[in-house]
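> Quick one, structure for this:
(one chain, ligands or ions: 1)
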Amino acid sequence: MNNAFLKVLIVVVLLTSATLVGIAQDPPPELPAGLAALRGGASQDPQPYEKVITKDAKTKVGIFKVHQVKDKYYFEIPKSEMGKEFLWVTQIAKTTNGVGYGGQALGNRVVRWEQNENKIFLRNINYSVVADSTTPISEAVRASNNDTILMSFNIAAFGPNNESAVIDVSRLFTTDIQEFSARQRLGATTMDTNRSFIERISPYPTNIEAEATHTYTRIAPPAGLPTAPPSPFGGGGMNPGSATVVLNYSMVKLPENPMMPRLFDERVGYFSRSTIDYGREEQKAVQRTFITRWRLEKKDPNAALSEPIKPIVYYIDSATPTKWVPFMKRGVEKWQKAFEAAGFKNAIIAKMAPTKKEDPDFSPEDARYSVIRWLPSTIENASGPNVNDPRTGEILESDIQFYHNVMNLNKAWYFLQVAPLDKRAQKLPLPDDLMGTLIEYVCAHEVGHTLGFQHNMKASSTYPLEKVRDREWVKKMGHTPTLMDYSRFNYVAQPEDNIDPADLVPGIGPYDEWATMWGYKPIPNAKTPDEELPTLNSWALEQDKTPWLRFSTDGSAGSDPGELTEAVGDADAVKASTLGLMNLKRVAKTACSGNYNRKRNAIR
Ligand SMILES: [Zn+2]
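Residues are numbered from 1 along each chain as shown. From the prediction side, this is the model:
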């Protein structure tokens, strides 16, 4: 570098600094309310602990202490939890009619609390790009994926011996933070902070639950435009005016000892999580995809069949009509059979959720509990999402939504498809034992999703058509190899086939047992996901000789002719449909007969 150039450089640096100083001296422009909230307000030095957490404070103890002083809420974050990773789950807990629905998820993200001098940052951690921390490139990966600061807080006080930091978190739950807000989901224009407040914040040993009431408004569109465009996320957008909803926030500590993930294989129907890994030997950044699954570890690793250290537990919502509870429990525990194929006994258990009187702190939104919620909704459906560790695919909890009117859908299906094969269905409404069986079927299917399974629409086409009419075959194998196909009730069977009515409804089939084995069976000597590959591959190859273990991905979009939905016996779809129509003609005859009350029993 020559002298003249150095001089020019110094002048440029000086000029730039002068400009910067000049800007710094200007009064800061007024920030929009939302942005000011994110910044943490004017800087103030920490106060003595007793001045902030006064003797009027109501304190609850959990992973963080939570103090309420008048209408302010404080987190007291212990030093030991700084820098640790948490999963932040936001859901709509309560809503007004027609706007979203209770239990609807608003997304989940990994966050970390970080101290920086007298400030605490809440950071969003991005796990879409990774590299092994022992490789030199991991530095660069970190440098190019700086984690976003979602909110900054002044430390209001330090706890005794500086072992904790106290921050006012009221803003976090009462202002519109895009990452946690329902505004976009509801199609609202703005959030009104004057009509928004914290309902409660409850800390538990490994998580914190918060509930806040938020009021959103939507401005009417100009005349001539439709008033409520459908929300791109489903669940219903709001109409012009206001809507007040209750949001639930769960901050769950992620395992400090992450589960060893299992690599995804397109031949087996698991949901998955992907990251781009820059720390590998393949001479390119590779996409690593892991299956989502629960962490099951054997109590006795040497036993062929062992109970797990921690079983998967589903709580049945106390709002569930009492007469359906035993069927819901059976729908969950049906899967025990599949886990036995993976070497686990009593791997999955259903329990009744406590009522508000029995345990006022029990909440279906609490991320420690997986709850099957019974929702008073006219939606004819059910859904089974899960919350999983983005680092490993470990399923941490799952709340299944069961809508009351899914019963109506199943009643219609069963009556129209197989009434001629089951005396109980020749009169409506269906008797409770039969409706219970249908509820059990829907429940088991949704539980299947929350165990990690995708739909396998190809499955029903892998059985030879004549076997679907064979009483002995369906007793043992079912009319479809899996609960995860949209293959409902066996409409291919004819009255003269004498199929046991109990076998007209899908149950745990050979694919379910095999796929559970593939994803959950421990591979004792493998110490890394890559070391599991030869075993996983040899298991997957069983599909070569056994067609009903095969799977087709959702992504193949109908390219496999076996992928028909709502189909039974679609190895020969024309023949199967002809047989189905023969049953439908019998149904029409019953429906038109004099002893059938058309008005009362109308199928809608
Ligand atoms: Zn499904």
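> Could you work out the end-to-end span of stretch 247-258 for me?
29 Å (Cα to Cα, to the nearest Å).
> can you check stretch 543-563 too?
Counting by Cα to Cα, you get 17 Å between the two ends of stretch 543-563.
> Need the residues that contact it.
The contact list for stretch 543-563, computed with Cβ atoms under 8 Å, 6 or more residues apart in numbering, reads 266-269, 454-463, 477, 481, 509-511, 514-515, 542, 570-571. Using the backbone N, CA and C atoms, a C-beta is placed for each residue, glycine as well.
> any idea of the mean pLDDT in it?
When pLDDT is averaged over stretch 543-563, the result is 86.
> which of the contacts of stretch 543-563 are buried?
In terms of neighbour count (16 or more other Cβ atoms under 10 Å), the buried residues within the contacts of stretch 543-563 are 267-269, 454-463, 477, 481, 509-511, 514-515, 570-571.
> Restricted to helices, list those.
Among the buried ones among the contacts of stretch 543-563, the ones falling in helices (DSSP state H) are Met477, Pro510, Tyr511, Trp514, Ala515.
> Report the separation between the second one and Ala459.
Right, Pro510. Noted for Pro510: a distance of 10 Å to Ala459, by Cβ to Cβ, to the nearest Å.
> Show me whatever sits in contact with both of the two.
What both Pro510 and Ala459 touch, as defined by Cβ under 8 Å, 6+ apart, is the set Pro481, Trp548.
> okay, which residue is most central for this structure?
Asn386 (2.6 Å; Cα atoms, centre = their mean).
> Spit out the contact partners of the closest residue to it other than its chain neighbours.
Leaving aside its sequence neighbours, Asn386 sits nearest to Ser398 (Cβ to Cβ, 6 or more residues apart in numbering; 3.9 Å). Going by Cβ under 8 Å, 6+ apart, Ser398 touches Tyr314, Ser370, Gly384, Pro385, Asn386, Val387, Thr450.
> where does Ser398 fall, phi/psi-wise?
Note on Ser398: backbone dihedrals following degrees, to the nearest 10 are phi -150, psi 130.
> Please apply the same query to Glu114.
phi -130, psi 130.
> Give the helix, strand or coil label for the nearest residue in space to it that is not next to it in sequence.
Distances taken as Cβ to Cβ, 6+ apart put Phe121 closest to Glu114, at 4.6 Å, once the chain neighbours are dropped. Three-state assignment for Phe121 (DSSP: H, G, I helix; E, B strand; the rest coil): strand.
> Narrow the contacts of Ser398 to those in strands?
Among the contacts of Ser398, the members falling in strands (DSSP state E) are Tyr314, Ser370, Val387.
> quick one: low-confidence ranges for the stretch 101-250 of the chain?
101-103, 128-134, 137-145, 222-237 (pLDDT under 70).
> show me where it has helices.
137-143, 170-174, 183-186 (DSSP state H, counting those that start in this stretch).
> circling back: and which of the contacts of Ser398 is nearest Asn161?
Val387 (35.4 Å; Cβ to Cβ).
> Show me what the closest one bridges to in the sheet.
Using DSSP bridges, the beta-bridge partners of Val387 come out as Glu397.
> if I read this right, it contacts Tyr369, doesn't it?
No - in this structure, Val387 is not within contact of Tyr369 by Cβ atoms under 8 Å, at 11.5 Å.
> Who are the contact partners of the residue nearest to Glu114?
Contact analysis of Phe121 by Cβ under 8 Å, 6+ apart lists Trp113, Glu114, Ile149, Met151, Ser152, Phe153.
> Distance check, Glu340 against Thr213.
46 Å.
> same question, Thr450
From Thr450 to Thr213 the distance is 29 Å (Cβ to Cβ).
> quick one on the thing from earlier: wait, doesn't the residue nearest to the centre of the chain sit right on His449?
Yes - under the criterion of Cβ under 8 Å, Asn386 makes contact with His449 at 7.5 Å.
> quick one on the thing from earlier: look at Val387 and Tyr369 and report which has more neighbours.
Ranked by neighbour count (other Cβ atoms under 10 Å), Val387 and Tyr369 place Val387 first, with 22 against 17.
> Tell me the one of the ones in strands among the contacts of Ser398 nearest Ser80?
Comparing the ones in strands among the contacts of Ser398 against Ser80 with Cβ to Cβ picks out Val387 as the nearest, at 24.1 Å.
> For the nearest residue to Pro326 once chain neighbours are set aside, which residues are in contact?
Nearest residue to Pro326, sequence neighbours excluded (Cβ to Cβ, 6+ apart): Gly436, at 7.3 Å. Contacts for Gly436 (Cβ under 8 Å, 6+ apart) come out as Lys323, Trp324, Pro326, Phe327.
> Can you add neighbour count and give these back as TSV?
Formatted as TSV, the contacts of Gly436 follow (neighbours: other Cβ atoms under 10 Å):
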residue	neighbour count
Lys323	11
Trp324	20
Pro326	14
Phe327	22
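> Adding pLDDT and distance to Ala304 as columns, could you present those in TSV?
Converted to TSV, the contacts of Gly436 look like this (pLDDT from 0 to 100; distance: Cβ to Cβ, whole Å):
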residue	pLDDT	distance to Ala304
Lys323	95	39
Trp324	95	36
Pro326	97	31
Phe327	97	31
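> Which of these sits closest to Tyr441?
Ranked by distance to Tyr441 (Cβ to Cβ), the contacts of Gly436 are led by Phe327 at 9.1 Å.
> where does that closest one fall, helix, sheet strand or coil?
State at Phe327, reduced to three classes by three-state DSSP: helix.
> Just confirm it contacts Val442, I think it does.
No - using Cβ under 8 Å, Phe327 is not in contact with Val442, being 9.7 Å away.
> Show me how to select, in ChimeraX, the buried members of the contacts of Ser398.
This is how ChimeraX selects the buried members of the contacts of Ser398, with burial counted by 16+ other Cβ under 10 Å:
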select :314,370,384,385,386,387,450
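> Could you point out which of the contacts of Ser398 is nearest to Glu163?
For the contacts of Ser398, the nearest to Glu163 is Val387 (30.7 Å; Cβ to Cβ).
> residues contacting that closest one?
Val387 touches Leu87, Val89, Asn108, Val252, Ala367, Ile395, Leu396, Glu397, Ser398, counting by Cβ under 8 Å, 6+ apart.
> No further queries at this time; thank you.
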